[in-house]
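Chemist: Dropping the sequence and predicted coords here.
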There are 2 protein chains.
Amino acid sequence: MTIDLQPVKGTRDFYPEDMRVRQWLFARWREVARAFGFEEYDACVLEHEELYIRKAGDEITGQLYGFADKSQRRVALRPEMTPSLARMVLAKGASLPLPARWFAIPQCFRYENMQRGRKREHFQWNMDIIGLSSVAAEAELMAAQCAFLRACGLRLDGDKPDIVLKVSNRQVIQHFLEGLGIGADAFPAVCVVIDKRDKIGADGTTAELTKLGLSAEAAARIIAVLDISGLDAVADAVGKDNPGVIALTELMALCASSGIADVVRIDLSVIRGLSYYTGTVWEVFDASGSLPRAIAGGGRYDRLMELFGGTPVPMVGFGFGDVVITEILAERGLLPKEASERSVDDVVYPMSAKEFAVANRIALRLRAEGRSVVVDYSERRFKHVVKRAEDDGARRLFILGGNEVTAGVVTVRTMGAERSEEKLPLAQFGA
Amino acid sequence: MTIDLQPVKGTRDFYPEDMRVRQWLFARWREVARAFGFEEYDACVLEHEELYIRKAGDEITGQLYGFADKSQRRVALRPEMTPSLARMVLAKGASLPLPARWFAIPQCFRYENMQRGRKREHFQWNMDIIGLSSVAAEAELMAAQCAFLRACGLRLDGDKPDIVLKVSNRQVIQHFLEGLGIGADAFPAVCVVIDKRDKIGADGTTAELTKLGLSAEAAARIIAVLDISGLDAVADAVGKDNPGVIALTELMALCASSGIADVVRIDLSVIRGLSYYTGTVWEVFDASGSLPRAIAGGGRYDRLMELFGGTPVPMVGFGFGDVVITEILAERGLLPKEASERSVDDVVYPMSAKEFAVANRIALRLRAEGRSVVVDYSERRFKHVVKRAEDDGARRLFILGGNEVTAGVVTVRTMGAERSEEKLPLAQFGA
């Protein structure tokens, strides 16, 4: 047989050089989560399909990577982590001390007809605060995203930061709609429609909104409101007493105290595609505008627990994918050496199989000292071994031929620019 | 709707307390991999089903968690990592410098009718050496497994070690079979059958072997050979010139130089269920015998690349699951505090929303110093806040009421046995 050498369509292989970047990224995410006192959790990539079936028409439901298992149970490769989080929190019931701060780095899947370069899987850093209704939670989550972006070397302060967080609150639109006589029932579906207005165009948006019972005039007024940005302009348009405006005002003050005022902008164009968001919604963008896709997004979802059959618990969280941020950092030359270069401490080179045992004893001792050690058992010629040790980023090369063993020594070469060699007694390594 | 609160049957949720154990374990695995100079890689959990379809009747094929995607492509949740590794190596072709040392910690799936407590997924540490035909590779991999087990606090030296590695070589059996007139073609299927002899019994094994063309006498002789352990007894039974015996002799010498002689035993009862193994095979057991299931297993598979349509490359590797070792360590009380207890450095407690902004500024400064900080925005009563900070393992509690802010100070309580309090100026924290 001849197998297909490519991974499954839309999925990625991580060769060591790719994995170094991924692990560097995950380590930065975990460091920030730790700095904010978040605890890591995980659920299985395979979930009950019912968690993702929503009547509001979420795009995520249409792109579900779902199937029936051998017992005809409907399962899916998770498209997002939030429903699993809600399930786990619901299962704990009253025994879980709230507020809880949890994070995860799940791999998430979607099945769509492939657009150029779009993947069917990605990893996504999730941080969620469970049981806190104050917008202090949102400010904290945004501060965590910013702490990560700063740690990557991006500029977040001053007049021209590299990043912008566009922030809105669905309450703004919801109360504006109520003023137009549109009830709360239709609201999640309205959000799903207006979130995709860039894809379906103004006419398509109006058409879909009228299907949901809005008049053409109401549709036009909503679409116009979405163009408003800046807290003052928003307050002028929908009223200072709009609960969404009140929450956004409070949030802006807390963002300032968390050192992220320069990157946060109130912008009603942000809606988010998930129907379960109820309050604050936000997206993180490259401020240069060169990448139209959001780097990350978040939102408050105070009613998801109810939708799942539980008592209400205020929840807010964000998802931060690995693909876009890696592109941005690579483009700007911000991926550090540790993310791109292999390195080991020592290579031990037994010149023939006769010296394998002595080489093993040296390696055993070096590893006990905490060093990373490769024993080169290839029995290749010296220049090949040196070349390979250089490619592997080795700091030292231990050369061990028959003459060395007879003399009870090993030749230790320090690699790199200031190359040097010395002979050390084997006894020093217990060999 | 009311959702199913349990994860998909046979899969696990990892609550923070479970995740701490898992992350502790993964960190130990990564440390050992680093000590041996291995590079981490990964492939997607979703793979081409064809990678796992083998005519030898491997158990893994019968338990495949496979399905057709929306384009009717046959895909599977990987049951093991080796075929993905081989696919990736094959795709690189001659551009991959050999030998390569790669490791991964994939989640692997199988779908079987549930036995009590058996999971349908687990995580599995994999280390493989690609492109080295010497048994020095096997000795290195076994030494890595032992380095991990030692790091966990298990005893591997002396008369009564906690662990035993039972080692065989399929060449022993293959050449013995050739002596009985059984050719190499039937060999993989013979191995699959005799690996499951404990499940199907002596009669079942004989019956299946005769189906593969063996006489009842040949079947009986193979089964008898499997009871032999110890290098000398094996050599007596099959001859010192059996290529398997020669390889095992060489391997034992290298194991001694790697400091693992006390735990390695030659034992022909080890076969392994994967049909692609061609040489050394081994399993790691709890020496007390209280757990019948192997902790880990490995083997040499020098012909898998050929089976996949490539040129032959010698390969050897092991898989080490997370479930059995975690049980063993928990039973023996060897899971350390860091794996079981939550801890944060500081909790900042603003007594009301008026102090949230000052609290945020303090947290910002503390985090910049590398500390992990929770701001408790709950506005609950003091005793609840103290209790929660204790439960979270906090080292310090920063108390911030209206009086403190007016006085320009914050009360800092050191938690734990030697509790103390002091007032520090807010200016010290840039607040």
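Modeler: Sure thing, it's come through.

Chemist: can we go C-alpha only for contacts and neighbour counts from here?
Modeler: Will do.

Chemist: any idea which strand is longest in chain A?
Modeler: Using DSSP state E, we find that the single longest strand of chain A is strand A:121-130.

Chemist: Nearest residue to A:Ile194 in space, ignoring adjacent ones along the chain?
Modeler: In this structure, A:Ile194 finds its nearest non-sequential neighbour in A:Thr205, 6.5 Å apart by CA to CA, 6 or more residues apart in numbering or on different chains.

Chemist: follow-up on the earlier one: next SSE downstream of the longest strand of chain A?
Modeler: Where DSSP states H and E defines the elements, the next helix or strand beyond strand A:121-130 is helix A:136-151.

Chemist: Does that following helix reach chain B?
Modeler: Yes - residues of helix A:136-151 contacting chain B under CA under 8 Å from any CA of the partner chain: A:Ala136.

Chemist: Taking strand A:121-130 as reference, get the angle to that helix.
Modeler: 140 degrees (axes from the mean of the first three to the mean of the last three CA atoms, to 10 degrees).

Chemist: Which strands and helices lie in contact with helix A:136-151?
Modeler: helix A:16-35, strand A:121-130, helix A:243-257, strand A:315-321 (3 or more CA pairs under 8 Å, 6 or more residues apart in numbering or on different chains; DSSP states H and E).

Chemist: Kindly export the third one (C-alpha atoms) in CSV.
Modeler: Extracted as CSV, the C-alpha positions of helix A:243-257 are listed here (Å, rounded to 0.1, in the frame of the first residue of the first chain):
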residue,chain,number,x,y,z
PRO,A,243,-27.6,49.7,30.7
GLY,A,244,-25.0,48.8,28.1
VAL,A,245,-23.6,52.3,28.1
ILE,A,246,-23.5,52.3,31.9
ALA,A,247,-21.5,49.0,31.9
LEU,A,248,-19.2,50.2,29.2
THR,A,249,-18.4,53.4,31.2
GLU,A,250,-17.6,51.4,34.2
LEU,A,251,-15.5,49.0,32.2
MET,A,252,-13.4,51.8,30.7
ALA,A,253,-12.5,53.1,34.1
LEU,A,254,-11.3,49.7,35.2
CYS,A,255,-9.4,49.2,32.0
ALA,A,256,-7.5,52.4,32.8
SER,A,257,-6.6,51.1,36.3
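
Chemist: the inter-axis angle of it versus helix A:136-151?
Modeler: Using the same axes, to 10 degrees: helix A:243-257 against helix A:136-151 is 40 degrees.

Chemist: how many neighbours does A:Ile228 have?
Modeler: 18 (other CA atoms under 10 Å in any protein chain shown).

Chemist: hmm, I was thinking of A:Tyr41
Modeler: A:Tyr41: 22 surrounding residues under other CA under 10 Å.

Chemist: and if you look at A:Met19?
Modeler: For A:Met19, the count of nearby residues is 20 (other CA under 10 Å).

Chemist: cool, and A:Arg12?
Modeler: So A:Arg12, with other CA under 10 Å, has 18 neighbours.

Chemist: related to what we said a few turns ago, redo the helices and strands packed on helix A:136-151 as JSON lines? Include distance to B:Tyr15.
Modeler: As requested, those are exported to JSON lines (distance: least, CA to CA, whole Å):
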{"stretch": "helix A:16-35", "distance to B:Tyr15": "16"}
{"stretch": "strand A:121-130", "distance to B:Tyr15": "14"}
{"stretch": "helix A:243-257", "distance to B:Tyr15": "30"}
{"stretch": "strand A:315-321", "distance to B:Tyr15": "17"}
